[in-house]
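Chemist: Here's my sequence, what's the structure:
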Amino acid sequence: MAVIMLCVRGQRVLSLKRAVLALSIAFPIVACSRITLTPTLTPQGKTVTVNGKATYQTISGWGASTGYNEQNNNLNAAQADCFFSTSNGSCATGSSIGLEWIRIQDNATPNSAPDLPTLQLAVARGAQVLLGFNGPPLDSGSYAGQASYMVGKIQYFQSNGVPISYIAVINEPQDTGTTAAAIDTFVASYLHPALVSAGLTSIQITLPESADWFVTDYVTPCMEDANCTSYISAVSGHEGFYGQGSEGADGFAGGWGCCVDFAAVPVPSSAAGKPVWQTEISGGASGPCSVDSYLANFDSSMTPDAITWAYNIHMFLTEVSGSAWFYWNLTAETVNGPTACNDGLTDQSNDPTKRFYVIGNWSRFVRSGWVEIAATANPQSGVYVTAFMNQPNGAFAIVAINQNTSSISQIFTLSGLSTSSLTPWITSSSLNLIPQSTVSVIGSNFTYTLPAQSVTTFVSPGGSSPASSSRPAS
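Modeler: The predicted model follows:
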């Protein structure tokens, strides 16, 4: 199979498709995009090559939302441990998953937040908070008042022990009639000056959180405005599965399992150099969550539900070069109940689903600040691989999905990485992110049998940093 590694300095390159085979190189690079010249796998393509010297986007983290209008129950301390801790044994049914982010949908009421106890518990366990604002459309008659409201709400949360790291200025702007030009004007001329005046200069901004991913371009006016783009730390959107038509769009082509093959929608080229965040996705459609063809009905199983979400994360990382991935709800919305809605990482009683643990195969080990590194993405039918490294100490993790109904023997070769052993953590029909016996790495190689319909994360114990490799702009 022929593969091109395209490396540049100073900007993100939008690849046609991420490579199926990682190319070993002997020199440090700044940023890479991978272009595969043929989509077919050869028998020689079954080895996964993981190359610690070829780096891609920096990871911003993993999270989920607590939505003010979803009537979610607040978490207790043990449940918060299960979501946000990386200490083993924090969940009654399996390992904790170490989410680093919690996203709150503002309730549009000053000095009020029904989800405050959950937010406080999350922050106490190290989670950062993304505050997304709902409200009327942004327009010239409301700019000053809305900027003042946002500053006041940030101050309310912070006075209650919930520091805000990021804000999203308008949730799903197409539902309010807000225009891209209005977002540009509001951020540059009203919101940022209001944050500066209030001493909130550490607050980062993401936009536009549109419901149709980037089918509608809400970012280019800001990106092309020097008075706006410098204040934007990430661009963000909500992915498909919520409904049909344009709302079924995501950043990549290729559905799997129950789901249709949505059209690929690229991030606007004007946003090159900004990290790309997916801040909302779930199987739950609007109303009573009854559209079964989009994973809407409650399903806590490994397949098709959890293995489909694993594939979604893999494609988001490899096709979109995404940096942050958020499921919609921490817990199933109680207004409809667990038998009706598949929009939570847990059921209505806060019992984790299999998708909860599958997300943990990334979130518990691949932490913010790590970088994705090159790995053979699809070494054999039904097997998908991503890999990541903590550059300061050389620790790394490899995540392998096996969609097949039978176990698969997989060979791995390490390049630019050093370890004598790895610990596999498995989520399957019978395991909930549980560590297994260590695997020896001999001569930079190891072989492992991936269980049927499973996700396995191979975790290194860390060690000395490998040869330097520059981090790309993401």
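Chemist: any idea where the helices of the stretch 151-300 of the chain begin and end?
Modeler: For the stretch 151-300 of the chain, applying DSSP state H, counting those that start in this stretch gives helices covering 180-186, 192-197, 220-223, 226-229.
Chemist: before we move on, what about the stretch 301-450 of the chain?
Modeler: Per DSSP H, counting those that start in this stretch, the stretch 301-450 of the chain carries helices over the ranges 307-319, 354-363.
Chemist: which of the ones you listed sits most buried?
Modeler: When these are scored by mean count of other C-beta atoms under 10 Å, the highest mean neighbour count falls to helix 354-363 (a mean of 28). Using the backbone N, CA and C atoms, a C-beta is placed for each residue, glycine as well.
Chemist: export the helices of the stretch 151-300 of the chain to a markdown table and tack on distance to Q71 and mean neighbour count?
Modeler: Below are the helices of the stretch 151-300 of the chain laid out as a markdown table (distance: least, C-beta to C-beta, whole Å; neighbours: other C-beta atoms under 10 Å):
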| stretch | distance to Q71 | mean neighbour count |
| --- | --- | --- |
| helix 180-186 | 30 | 21 |
| helix 192-197 | 31 | 16 |
| helix 220-223 | 34 | 22 |
| helix 226-229 | 36 | 16 |
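Chemist: could I get the ones you listed as JSON lines with mean pLDDT and distance to P424?
Modeler: Shown next, in JSON lines, are the helices of the stretch 151-300 of the chain (pLDDT from 0 to 100; distance: least, C-beta to C-beta, whole Å):
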{"stretch": "helix 180-186", "mean pLDDT": "97", "distance to P424": "45"}
{"stretch": "helix 192-197", "mean pLDDT": "98", "distance to P424": "45"}
{"stretch": "helix 220-223", "mean pLDDT": "98", "distance to P424": "42"}
{"stretch": "helix 226-229", "mean pLDDT": "97", "distance to P424": "43"}
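Chemist: Using a markdown table, lay out those together with distance to A77.
Modeler: Listed next are the helices of the stretch 151-300 of the chain as a markdown table, based on distance: least, C-beta to C-beta, whole Å:
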| stretch | distance to A77 |
| --- | --- |
| helix 180-186 | 38 |
| helix 192-197 | 33 |
| helix 220-223 | 40 |
| helix 226-229 | 41 |
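Chemist: which one of the ones you listed lies closest to T449?
Modeler: For those, proximity to T449 was assessed by C-beta to C-beta; helix 220-223 is nearest, at 46.7 Å.
Chemist: Keeping just the C-alphas, turn the longest strand anywhere in the chain into CSV.
Modeler: Counting residues, the longest strand found in the chain (DSSP state E) is strand 48-58. Taking Å, rounded to 0.1, in the frame of the first residue of the first chain, the C-alpha atoms of strand 48-58 are listed here in CSV:
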residue,chain,number,x,y,z
VAL,A,48,0.1,-2.2,13.3
THR,A,49,3.0,0.1,13.2
VAL,A,50,3.0,2.7,16.0
ASN,A,51,5.4,5.6,15.4
GLY,A,52,6.1,7.9,18.3
LYS,A,53,8.1,10.3,16.1
ALA,A,54,5.1,11.2,13.8
THR,A,55,2.8,13.4,15.8
TYR,A,56,-0.6,14.9,15.0
GLN,A,57,-3.1,17.0,17.0
THR,A,58,-2.8,17.7,20.7
